[in-house]
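**Q** Build me a model:
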Amino acid sequence: MFERTRTGLREMPTNAAWLLSRALQPAGDAAAGARDQGRKMTAAVVDASRVGDSVEIRARRARDAAERAREAEERAVEAARRSKELADRAHEVSEQGRARVKAIDQEMTRQVRQRVAEAQKSAEEFVKREREAAEADAEEQRQEVEEEVEDEIAEAESDAEASQQRAEELVEDATEALAEARRLADEAAKAARSAAQEANRQAQELQNEAKQRASDAEARVKAAEELRKRAVATAKHTARELDRETTGGGLDAYKKPELVELAASIGIEERTNMTKGELVDAITKAARRRASHGASS
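**A** Residues are numbered from 1 along each chain as shown. Below you'll find the predicted structure:
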């Protein structure tokens, strides 16, 4: 009996662990197992009490241990029940959570689809509005461009007409100017022919006149030569007279006007500004130069 009791006590931790491992099983099975284990321990204690007084203390300790085991069993059962409740609660919460997550997923999917649909609708409306606005702007811009092009075309046509009219006027002016130029050219040609004839006539006259002048010049040259010869002879004669008058003191006897006249006859310059003595000296020197030049000739 003692050995059985000791064996039962030795197996109590194992039994407690077994009870804890059975906590996740259904509550009815856990409670039945705990009761069977308690009956086995009680029977072991009763068998141990039949031993002599030497075993009494040990039996008491066994009873105490059995009580503690029972209490532990009750606590284990309670813990198993609580664990079962918590497990059920956890399972329920898990199921509720999965259901909630599923509902949330469904709701989010619905909301996403709804928002996508709304966004698509809004986008389509926005695109429609933008298309209408863009088409309106394009139409307005096209009309503006058409008006500008029409204005430019009208202005270009007006400028072309004005330019054509101006060109026609210039052609008329050019035609008139060409006719005037032709007329002036004809007049110039006539004038040139007349001028040429007049020039030929004048050239002939000038040629005749040149021949006459050449003939006259030749005659004047001959006359000048004769005059030079006569001047040389006159100079020699004047020199002789001057020498003769100088030897007899005749120039000093002349008056100043007579000396001026004599100086003029032999070509003395600035004679009117000379004194009587300067005139005598100038006439004397000139007469000597002429005399010497005549002698050398």
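**Q** need the longest helix for this protein.
**A** Ranked by residue count under DSSP state H, the longest helix found in the chain is helix 56-247.
**Q** And the contacts of the helix or strand just after that one?
**A** Next helix or strand after helix 56-247 toward the C-terminus (DSSP states H and E): helix 256-265. Counting by C-beta atoms under 8 Å, 6 or more residues apart in numbering, helix 256-265 makes contact with 238, 251, 254, 271-272, 274, 276, 279-280, 282-283, 286, all of which sit outside it. Glycine gets a C-beta too; all of them are placed from N, C-alpha and C.
**Q** hmm, which of those are the buried ones?
**A** Buried by 16 or more other C-beta atoms under 10 Å: 238, 251, 254, 271, 274, 279-280, 282-283, 286, out of these.
**Q** Which of these fall within helices?
**A** In helices, defined here by DSSP H, the members of those are 238, 279-280, 282-283, 286.
**Q** And the contacts of helix 256-265, which is closest to Leu170?
**A** Thr272 (75.8 Å; C-beta to C-beta).
**Q** what would the contacts of helix 256-265 look like in CSV with distance to Gln141?
**A** Formatted as CSV, the contacts of helix 256-265 follow (distance: C-beta to C-beta, whole Å):
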residue, distance to Gln141
Thr238, 120
Leu251, 123
Tyr254, 122
Arg271, 109
Thr272, 107
Met274, 111
Lys276, 118
Leu279, 115
Val280, 120
Ala282, 113
Ile283, 117
Ala286, 113
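**Q** Out of those residues, which two sit at the greatest distance?
**A** Thr238 and Thr272 (20.1 Å).
**Q** tell me what the longest helix of the chain is packed against?
**A** Based on contacts counted as 3 or more C-beta pairs under 8 Å, 6 or more residues apart in numbering; DSSP states H and E, the elements that helix 56-247 packs against are helix 2-10, helix 12-21, helix 27-49, helix 276-296.
**Q** redo that, cut-off 10 Å
**A** helix 2-10, helix 12-21, helix 27-49, helix 256-265, helix 276-296 (3 or more C-beta pairs under 10 Å, 6 or more residues apart in numbering; DSSP states H and E).
**Q** what is the mean pLDDT for the first one?
**A** This means helix 2-10. Average pLDDT, helix 2-10: 51.
**Q** So that it lines up with my notes, have the first residue be 153 from now on.
**A** Happy to do that; since the first residue is 153 now, the last one works out to helix 154-162.
**Q** Contact partners for Glu259?
**A** Arg252 (C-beta atoms under 10 Å, 6 or more residues apart in numbering).
**Q** Would you reformat the contacts of helix 408-417 as CSV and include distance to Ala232 and pLDDT?
**A** Converted to CSV, the contacts of helix 408-417 look like this (distance: C-beta to C-beta, whole Å; pLDDT from 0 to 100):
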residue, distance to Ala232, pLDDT
Thr390, 190, 59
Leu403, 191, 76
Tyr406, 192, 84
Arg423, 180, 89
Thr424, 178, 89
Met426, 179, 92
Lys428, 186, 91
Leu431, 184, 91
Val432, 187, 90
Ala434, 181, 89
Ile435, 186, 86
Ala438, 182, 83
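**Q** Going by distance to Ala314, which of those wins?
**A** Thr424 (84.2 Å).
**Q** Spit out the contact partners of Ile256.
**A** By C-beta under 10 Å, 6+ apart, Ile256 lies in contact with 249, 263.
**Q** any idea how far it is from Ala271?
**A** Ile256 sits 21 Å away from Ala271, going by C-beta to C-beta, to the nearest Å.
**Q** try Glu300
**A** 41 Å.
**Q** so where's the chain uncertain?
**A** 153-187, 189-205, 376, 379-402, 443, 445-449 (pLDDT under 70).
**Q** can we see that at 50?
**A** 153-154, 157, 161, 165, 179, 399-400 (pLDDT under 50).
**Q** tell me the centre residue of it?
**A** Nearest to the geometric centre of the chain sits Val297, at 28.2 Å (C-alpha atoms, centre = their mean).
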